[in-house]
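Student: coordinates only, no sequence provided:
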């Protein structure tokens with residue numbers, strides 16, 4: 001989180017902080033956390049979706065992957 005920062009993105013008339021979304025799950029006694037960061041500019045009045053953000057995958061508190069493929073592997077216990 002120190003490297004990625006906590007800058008804000010402006011959406012419509014409000015601000016969204018980074019990471020803008022977090023997911024938590026466990027696979028075979030291993031804890032995973034996914035931090036979704038807004039890393040691109042978006043057109044005004046466009047809803048933000050998790051699929052438009054960059055996911056960072058943490059395993060037991062350590063970064064182990066970046067991107068959608070890393071999320072898929074983590075959900076199947078492959079990271």
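Tutor: On my side now, so go ahead. None of the values given here were measured: they were computed from a predicted structure. Residues are numbered from 1 along each chain as shown.
Student: all contacts plus neighbour counts: C-alpha atoms, from now on.
Tutor: Noted.
Student: residue 49: how many residues sit nearby?
Tutor: Per other Cα atoms under 10 Å, the neighbour tally for residue 49 reads 11.
Student: so where is this structure shaky, pLDDT-wise?
Tutor: Screening the chain residue by residue with the criterion pLDDT under 70, one finds the ranges 1-13, 41-45, 50.
Student: and residue 65, what are its bridge partners?
Tutor: The partner list for residue 65 in beta bridges (DSSP bridges) reads residue 57.
Student: contacts for stretch 68-79 next, please.
Tutor: If you take Cα atoms under 8 Å, 6 or more residues apart in numbering as the criterion, stretch 68-79 is touched by 27-28, 32, 34, 54-55, 57, 59, 64-65.
Student: same thing but at 10 Å, please
Tutor: 25-34, 51, 53-59, 64-65 (Cα atoms under 10 Å, 6 or more residues apart in numbering).
Student: of those residues, just the buried ones, ChimeraX syntax please.
Tutor: To isolate in ChimeraX the members of these that are buried, counting by 16 or more other Cα atoms under 10 Å, one can use:
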select :32,33,34,53,54,55,56,57,58,59,65
